[in-house]
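Engineer: Need the 3D shape of this:
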Amino acid sequence: MAQTFPHLLQPGRIGGLRLRNRIFMTPMGSNLADEDGITGDRLRTYYVERAKGGAALITMGSVSIGYPEGSGNWRNEAISHDRHIPGVARLAEELHAHGAKLAMQLQHAGLVAMNDMRDGRPLWTPSEPLIGKDSGDMMDGFLEDEYRIFTAPMAAMGEIRYRVMTTQDIEELVQMFAAAAVRAVSAGVDAIELHAGHGYLISSFLNPLINRRTDDYGGSIENRARLLCDIIRGVKRAVGPDVPVWPRIDSQHFLIDGGITVEDAAETARLAAAAGADAIHVSADGHPGRGATYSTGHATDIRNGFVPAAARIRAAAGVPVICPGRIEPADADRFIVEGKIDFVTMGRKLLADPHLPAKLAAGKAASVRPCIYCYTCISQIFFSRPVKCAVNPETGFERERALTPTENPRHIAVIGGGPAGMESARRLAKRGHRVTLFEATSTLGGTARFASIAYAPNERIVAWLKHELAASPVTVRLNTVATPELLRSLGVEEVIVATGARRDMPAIPGADLPHVFSGDDMRRLMLGQDLDTLAGKTDRTTRTAMKLGALTGLTARPGFIRAASNWWMPFGERIAIIGGELVGLELAEFLAKRGRKVTVLDDAAKFGAGLQVVRRWRVLDELKELGVTLLPEAHDIAILEGRVRYANPNGQERTIAADQVIVAKGATGDTALAGDLRATGFTVHTAGDCTGVGYIEGAMQDAAEIAANI
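Structural biologist: Down below sits the predicted model:
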């Protein structure tokens, strides 16, 4: 029976603005604007795709009111001059044609105005800040090349200067917001959002950790909210009563004491509503120098993370509340009927699948491409790169990677049933090609199926790919080795090789000892495959249990393995993991949560390669909380009976006890099959980890590029 969402999909209204459902697109910086903050073709196509997909309201994110002054990002959207109006007007016209409304989030970046820092302008602030991005662990989480990219704009800045705002500056700021709002409305924008969160200028006034003023704009909550209320009143006067205006505020500050509390936010919301705000958009923030802030506040990793605060704010303000925060559609439907929220705003979900609302309305919830919460999208912004999505390669490339019908249908073989192979087959079939997918094992999913055990969201994208293949005309042949002879006999005209990486055991002394597991050993063990090869590493009882699990299909279900492993695993108490990249850290977190004492060693200076920086910050923070020991720059590693020996960065020899050792490194690309097939005359393309380990993001991107170009 199809799942229904009667409350989520019912029409709603804010002020006089009527909305076709309760799903909004979250305002997000995208770095997709043209030069000079212009809304051009690429940005417009990105937003229009979400309107086509059924979202009720598209909100342009972090639009600068004074560009370039006060702007935060490299390719910041802007509405600071009349030259910005035509691009926005064209966008509004197209969104309206697809039934969506357009809001614009007006912003002055204040202390995080990167363009001001770069160009040597002082940063506007209520008071000189006492803490910043360099006062926590944020910088430690960057890999070396990322650190260079992130800090490069700062290298030419010199000393950062601050402009503690005068009353005249405040009046000027109110006028800037009002003028920007007038331009927006003249371009066809239906509603105005004021960004009063996330460390930007208005939120600096609201934040007692930054605002230490002693005049009418500092001290009490009423005084700290005065700037926001002045701006609301100024904008309402400028655009008239028919245009809804609301702020986005932080409901609380995480990972730091002395910031905004839920009680503060509720009072701020009440004052904002009294000043004329037609709604409140709830968010959160945290310590500006803690990496985990960006997945605790902002884009929370906690399911329904902001809903309790939203309910409190709604009760205090008496106006509709818009709530983000990893809310699944079924939860959103329930929260609306319970009166906790009025609208749900989706960011990552609509990057992963722009057509989520339309699919829900059509009763096709199972066809919604899931977000895997890897933070690829948000991490881009830290390096001044355009937004992208790990599971949806069309995000930010809506024109270049669109699935247009082919004029030359061909019979194409895809070899390998992991994400790269499944996505290639799916996309090629949608373009009109005849596709046969060959998988040598009995199950689709590839290495991602094993990775789903340690990181549950991966299971959702594997399940979605299987679902989409089953609904497509792709012919899937399991337990089949694709030989040149077989391909020729089927009339295959072109081949995509997506067979995954090669996983060789690195040359580590002692790697052949019976308590040492390679990545392939772990996959065989956890999935119940080829267990006889592990006869020297596991006892008969373990192998029998896992064989039974395979025969009954239980080990084919990552969720079952995750649950069962909370009660039993064939490992001792002390586990050493050699390899500090994505696989090693995810495995360390998985094992530590199940009570194991885990140590991760690697010769790398920084851990977490393969994890996007925002998720890496979270993983490193969680590993610390779990008591996992990380040993970077560990050289001359050798495995001994019951222990691992290594040299620390000072050259001192050290040992750690280990009941088992897992080697989570050594994966490399493997294009041998592609070369063999080319040698027999086939036109061959390669996708996914066989070209070099790129994880799910690389697999999906390769698939999109190949499918677009065949």
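
Engineer: Could you check the pLDDT of residue 525?
Structural biologist: We have a pLDDT of 84 for residue 525.

Engineer: again but with residue 564, I slipped
Structural biologist: For residue 564, pLDDT reads 85.

Engineer: Next SSE downstream of the helix or strand encompassing it?
Structural biologist: Element membership of residue 564 [criterion: DSSP states H and E] is helix 558-565. The first helix or strand that comes after helix 558-565 along the chain, using DSSP H and E, is strand 574-578.

Engineer: Tell me the helices and strands packed up against that next one.
Structural biologist: Contacts defined by 3 or more Cβ pairs under 8 Å, 6 or more residues apart in numbering; DSSP states H and E place strand 574-578 against helix 582-592, strand 597-601, strand 653-657, strand 660-663. From N, CA and C alone the C-beta is placed, and that goes for glycine too.

Engineer: what's the weakest-modelled helix or strand in the protein?
Structural biologist: For the chain, using mean pLDDT, DSSP states H and E, the weakest element among its helices and strands is helix 540-552, scoring a mean of 78.

Engineer: Mean confidence (pLDDT) on stretch 108-126, please.
Structural biologist: Rounded mean pLDDT across stretch 108-126 is 94.

Engineer: In the stretch 51-200 of the chain, where is pLDDT below threshold?
Structural biologist: Where the stretch 51-200 of the chain drops to pLDDT under 70, the residues are 156.

Engineer: repeat that with 90
Structural biologist: Counting by pLDDT under 90, the stretch 51-200 of the chain shows low-confidence ranges at 73-75, 117-120, 130-136, 150-160.

Engineer: circling back: between the helix holding residue 564 and helix 540-552, how many degrees?
Structural biologist: If you take axes from the mean of the first three to the mean of the last three Cα atoms, to 10 degrees, helix 558-565 sits at 150 degrees to helix 540-552.

Engineer: before we move on, the earlier item: of the helices and strands packed on strand 574-578, which is nearest residue 242?
Structural biologist: Ranking the helices and strands packed on strand 574-578 by proximity to residue 242 (Cβ to Cβ) places helix 582-592 first, at 50.7 Å.

Engineer: Summarise which helices and strands the closest one is packed against.
Structural biologist: Applying 3+ Cβ pairs under 8 Å, 6+ apart, we find helix 582-592 packed against helix 446-454, strand 574-578, strand 597-601, helix 613-626.

Engineer: Distance check, the residue in the chain sticking out farthest from the centre against residue 311.
Structural biologist: Using Cα atoms, centre = their mean, the residue of the chain lying farthest from its centre is residue 489. It sits 43.5 Å away. To residue 311, residue 489 is 63 Å away according to Cβ to Cβ, to the nearest Å.

Engineer: before we move on, back to that, please render the helices and strands packed on helix 582-592 as JSON lines that adds distance to residue 466 to the earlier fields.
Structural biologist: Listed next are the helices and strands packed on helix 582-592 as JSON lines, based on distance: least, Cβ to Cβ, whole Å:
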{"stretch": "helix 446-454", "distance to residue 466": "10"}
{"stretch": "strand 574-578", "distance to residue 466": "30"}
{"stretch": "strand 597-601", "distance to residue 466": "32"}
{"stretch": "helix 613-626", "distance to residue 466": "24"}
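
Engineer: Out of these, which is closest to residue 13?
Structural biologist: helix 613-626 (34.5 Å).

Engineer: Strands of the stretch 351-500 of the chain, residue ranges please.
Structural biologist: Along the stretch 351-500 of the chain, the segments classed as strands by DSSP state E, counting those that start in this stretch run 411-415, 434-438, 475-477, 494-497.

Engineer: List the neighbouring strands of the shortest one plus their orientation.
Structural biologist: Strands flanking strand 475-477 in the sheet, each with its direction: strand 434-438 (parallel) (DSSP bridges).

Engineer: Next: the last one.
Structural biologist: Its sheet considered, strand 494-497 pairs with strand 411-415 (parallel), strand 684-686 (parallel) by DSSP bridges.
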